[in-house]
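Asker: The amino acid sequence is not available; the structure is as follows:
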Ligand code: CP3
């Protein structure tokens, strides 16, 4: 079977509707929790290529997905640039901060930091164990989302980051530029190690309206896409600008994305109709519906399949799968999607 994910991203008719789920490798799977315990911390797991490759492949053994996404985190980039990073249980990431030009100047400048090398090693390991029809996705965070973690030191608040963006502070521009450059290096490394498509996560894109969104979301992502395509013009991009409603068409136009990943509660068919010719949609079942299961899950999944044609759609969630999702609900989700599409499996 050809790779349905890559077919949809490159405008070809796929053999079936491609499906994968954001955070498909994660705590809802008991086998993930076992490996995570063996590794110690979440970050230790990200930097152990053998274990990270194993957890990347775990969901593929249970479910007939069309893509694997390398197991890592968007905060690998600030960590590689020299910030302290830890993941605090039941709280999330905590980082040292950058809030002025001295902070930007203190960031590391070496190419090929060891953190990136570990992720490349994971990709090579995953590639070796991947079924032939499964696409391999590499990723990074978008500069705005990553910068906001670097400025705030955690994910709960973005007042300082928003103020710096609004004032267009010199150090903020400089930080965004550093993130663009390092992300291009990191993504090109991921492609060299086997990634076949790249997703850029801008989880906080919805914070920024109008001109600010153009300057802090569209332009830096466009610069990353351009930088990668200068070297690897064939690589398809999925851009996840979370919370931007009907702003996905503008995002696609500005960045040259092959697909936009859409949050829940936006009509996928409206987004698809608004997109430039040839751009696909990814999404957008609510993670809460998958966690709840039952009739709502079946109805929600069918509704999405009905609303957009399979050659322009990558089935996914509107955000990452929730920790307390029963694994059998994902089995059910795949069954509903495949049945809807006429038993093409
Ligand atoms: O999708 C995948 O399966 C690939 C791996 C992946 C992870 N994080 C693993 C992870 C990806 C693509 C990410 C992206 C990511 N990380 C984003 C963008 C997408 C989004 O969710 O909006 C963001 C903002 C982060 C930062 C981050 N990482 C936070 C805020 C947290 C804590 C919240 C939580 O769920 O605990 C993480 C931790 C994290 N990243 C986990 C996983 C599997 C849970 C860690 C654990 O095992 O304890």
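Answerer: Right, received. Where do you want to start? None of the values given here were measured: they were computed from a predicted structure.

Asker: Now do the same for the closest residue to the ligand within the chain: its pLDDT.
Answerer: Nearest residue of the chain to the ligand, counting by CB to the nearest ligand atom: residue 203, 3.2 Å away. Every residue, glycine included, has its C-beta placed from N, CA and C. On pLDDT, residue 203 comes in at 97.

Asker: Is it correct that residue 316 falls within a strand?
Answerer: Yes. Applying DSSP: H, G, I helix; E, B strand; the rest coil, one finds residue 316 inside a strand.

Asker: that older thread, residues contacting the residue of the chain closest to the ligand?
Answerer: Going by CB atoms under 8 Å, 6 or more residues apart in numbering, residue 203 touches 141, 145, 240, 242.

Asker: Confirm for me that the second one is in contact with residue 204.
Answerer: If I follow you right, that is residue 145. Yes. With contact taken as CB atoms under 8 Å, residue 145 and residue 204 are classed as touching, separated by 4.8 Å.

Asker: So for those two, which sits in the more crowded spot?
Answerer: Shown here are residue 145 and residue 204; by other CB atoms under 10 Å, residue 145 has more neighbours (28 against 24).

Asker: what about the host helix or strand of the more buried one, average pLDDT?
Answerer: Secondary structure from DSSP states H and E places residue 145 in helix 143-152. Averaging pLDDT along helix 143-152 gives 98.

Asker: Please apply the same query to stretch 337-345.
Answerer: Per-residue pLDDT over stretch 337-345 has a mean of 80.

Asker: same thing with stretch 232-239?
Answerer: pLDDT averaged over stretch 232-239 gives 98.

Asker: Get me the contact residues on the stretch 51-200 of the chain for the ligand.
Answerer: Proximity of the stretch 51-200 of the chain to the ligand (CB under 6 Å from any ligand atom) is limited to residues 69, 71, 73, 74, 75, 87, 92, 93, 139, 155.

Asker: Show only the entries of the residues you listed found in strands.
Answerer: 69, 87, 92, 93, 139 (DSSP state E).

Asker: so what's the last one bridging to?
Answerer: This points to residue 139. residue 199 (DSSP bridges).

Asker: The first one now?
Answerer: Residues in a beta bridge with residue 69, per DSSP bridges, are residue 137.

Asker: related to what we said a few turns ago, mind putting the contacts of residue 203 in TSV, secondary structure included?
Answerer: Shown next, in TSV, are the contacts of residue 203 (three-state DSSP):
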residue	secondary structure
141	strand
145	helix
240	strand
242	coil
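
Asker: Pick out the most distant pair among those residues.
Answerer: Pairwise distances across the contacts of residue 203 peak at 11.4 Å for 141 and 242 (criterion: CB to CB).

Asker: neighbour-wise, which of those two wins?
Answerer: Taking other CB under 10 Å, residue 141 and residue 242 do not tie; residue 141 has more neighbours (24 against 19).

Asker: which residues sit in contact with the more buried one?
Answerer: With contacts defined as CB under 8 Å, 6+ apart, residue 141 is in contact with 74, 75, 77, 149, 183, 200, 201, 202, 203.

Asker: Check the offset of stretch 39-53 from the chain's centre.
Answerer: When C-alpha coordinates are averaged (CA atoms, centre = their mean, to the nearest Å), stretch 39-53 and its chain have centres 18 Å apart.

Asker: before we move on, what about stretch 229-241?
Answerer: Relative to the centre of its chain, stretch 229-241 is centred 13 Å away, using CA atoms, centre = their mean.

Asker: can you check stretch 31-39 too?
Answerer: Per CA atoms, centre = their mean, the centroid offset for stretch 31-39 relative to its chain is 22 Å.

Asker: give me the low-pLDDT residue ranges for the chain?
Answerer: Across the chain, the ranges flagged by pLDDT under 70 are 343-345.

Asker: Select the longest helix from it.
Answerer: helix 170-192 (DSSP state H).

Asker: Going by contacts, tell me the helices and strands next to that helix.
Answerer: helix 76-80, helix 101-105, helix 114-129, strand 135-141, helix 143-152, helix 159-167, strand 197-202, helix 219-231 (3 or more CB pairs under 8 Å, 6 or more residues apart in numbering; DSSP states H and E).

Asker: let's go with 7 Å and repeat that
Answerer: Helix 170-192 is packed against helix 76-80, helix 101-105, helix 114-129, strand 135-141, helix 143-152, helix 219-231, with contacts defined by 3 or more CB pairs under 7 Å, 6 or more residues apart in numbering; DSSP states H and E.

Asker: most tightly surrounded among the ones you listed?
Answerer: Ranked by mean neighbour count under mean count of other CB atoms under 10 Å, the helices and strands packed on helix 170-192 are led by helix 143-152, which reaches a mean of 25.

Asker: re the thing from before, any idea how far the longest helix of the chain is from the chain center?
Answerer: For helix 170-192 - counting by CA atoms, centre = their mean - the centre lies 16 Å from the chain centre.

Asker: Show me what it is in contact with.
Answerer: Here helix 170-192 makes contact (CB atoms under 7 Å, 6 or more residues apart in numbering) with 70, 77, 81, 98, 100-101, 104, 107, 111, 116, 119-120, 123, 138, 140, 143, 146-147, 150, 164-165, 198, 216, 220, 223-224, 227-228, 231-232, 235.
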